[in-house]
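# Below: sequence and its predicted model.
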Amino acid sequence: MTLTQRMKYVGIFLSLWLAGCTEVQFKPSEQFQHGQAGTLAASIAPAAQLSATATLSRGIEVWDLTQQHAKYLLHHDNKGQSLVHLLQFSPDGKFLLSADQQSIALWRMADGQNQGFWSIPNSHIRDIALSADAKHIVVGQSDGKVLHINLSSGRRLEFLGHSESINSIAVSANGRYVLSGSSDLHAHLWDSQSGQIVRSFVHPTRVTKVALDSQGRFAFTADSQQQATIWQLPSGTVAQQLDLDRGRIFTSARFSDDGTLLITGGASRQVTLWRINDGKIQQQFLVSPTKADRTGGGVVYDATFITPNRLLTESSAGLAEYWDIKP
């Protein structure tokens, strides 16, 4: 997701407001450096044994979280600087997908070997998604198109259901269903086999973040103002409207395996645990600020559950931080 200058200052304001008005945990239980000068992107494998970060000078580093050391160093090119701004592990953690503005690369985590490069020459890449075993790659583009690639058959499908830039995408573990959110105020859940829309979710402003539950029970869509909704699947009915008293910019979202919680990351360092049964906040955290940001801001790139009582976050500060969840 690309953050505008206006969104940055909104995030700073929200961070200060959150710190002043809500009980927030500021100190992680553990902290490890994954980027000395901060990072451009990060992703955590669902099993939480690996994470990946991208920096301007070093390219992509894949981290072994059990030993806290860099396992692989990956590059899109040999020019010395990396402009990778998107990283996404497959749901099984066996593969990593990376993207700069106009190309994507697939990497096998068993040995760090590249499995292919693809070029998107006529549009900028806005978001990426990867199915289990890397059988399906999905690319959201600035021209409003979503590209679905079946690596087993080589089939490519261009979904043309949006009229403006794609801001966020998610794919089901089997690659069959894609959820795409756009600046055209719509999020569409669609079938990659037929290209047909299964459900549409309308927002008052541009849709900036979407997520799918790994078990197919829920979908999450959020816009750039104050509407963030958990939808029941397959019916498409509202399960919960998140209790937002002020606008938030979501930069990550993930459902717990048991379907009881949603964890979101924001553009203002905030990580929030939401209860799905009532849409209320259970607990909040603030990740460490990015050192290069003089305002004390920071972006949460990914957050996941290590155990039912522990979280892991990766942020623009270049830090992997572990957080304890209150019972």
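Alright, I've got the coordinates.
# all contacts plus neighbour counts: C-alpha atoms, from now on.
OK.
# Point out where the stretch 1-150 of the chain drops to low pLDDT.
Across the stretch 1-150 of the chain, the ranges flagged by pLDDT under 70 are 1-23, 48, 78-82.
# Recalculate using a threshold of 50.
1-21 (pLDDT under 50).
# Which stretches in it count as helices?
When assigned using DSSP state H, counting those that start in this stretch, the helices of the stretch 1-150 of the chain occupy the ranges 5-21.
# Compute the number of surrounding residues for K94.
By the criterion of other C-alpha atoms under 10 Å, K94 has 19 neighbours.
# what sits against Q241?
Q227, A228, T229, I230, G279 (C-alpha atoms under 8 Å, 6 or more residues apart in numbering).
# among the residues you listed, which are in strands?
Members of those lying in strands (criterion: DSSP state E): A228, T229, I230.
# any idea of the pLDDT on the closest residue to the last one other than its chain neighbours?
Take I230 and drop its neighbours on the chain: the residue closest to it by C-alpha to C-alpha, 6 or more residues apart in numbering is F220, 4.6 Å away. Residue-level confidence at F220 comes out at 98, pLDDT.
# How about G93, nearest residue that isn't a chain neighbour?
The nearest residue in space to G93 (C-alpha to C-alpha, 6+ apart) is A45, at 5.0 Å.
# That neighbour touches F95, doesn't it?
No - A45 is not in contact with F95 according to C-alpha atoms under 8 Å; the separation is 9.0 Å.
# rewinding a little: which of the three states applies to the residue nearest to I230?
Recorded secondary structure, F220: strand (DSSP: H, G, I helix; E, B strand; the rest coil).
# so who does it touch?
So F220 contacts K209, V210, A211, L212, A228, T229, I230, W231 (C-alpha under 8 Å, 6+ apart).
# where's P234 relative to A219, distance?
Distance, P234 to A219, by C-alpha to C-alpha, to the nearest Å: 9 Å.
# And A99, by the same measure?
24 Å.
# Likewise for F26?
In terms of C-alpha to C-alpha, F26 sits 29 Å off from A219.
# Compare these two and say which is more crowded by neighbours.
A219 (24 against 14).
# Distance check, the closest residue to that one other than its chain neighbours against V138.
Nearest residue to A219, sequence neighbours excluded (C-alpha to C-alpha, 6+ apart): L212, at 4.6 Å. Distance, L212 to V138, using C-alpha to C-alpha: 14 Å.
# Mutual contacts of the two, please.
Common contact partners of L212 and V138 (C-alpha under 8 Å, 6+ apart): V171.
# Let me see the contact set for the residue nearest to G93.
S51, F89, S90, P91, D92, G93.
# F95 now?
F89, L106, W107, R108, M109, D133, A134.
# do T260 as well
T260 neighbours (C-alpha under 8 Å, 6+ apart): R275, I276, N277.
# Of those residues, keep whichever come out buried.
Taking 16 or more other C-alpha atoms under 10 Å as the criterion, what is buried in those is R275, I276.
# CSV for the contacts of T260, including distance to L189, secondary structure and pLDDT?
Converted to CSV, the contacts of T260 look like this (distance: C-alpha to C-alpha, whole Å; DSSP: H, G, I helix; E, B strand; the rest coil; pLDDT from 0 to 100):
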residue, distance to L189, secondary structure, pLDDT
R275, 23, strand, 94
I276, 20, coil, 95
N277, 22, coil, 94
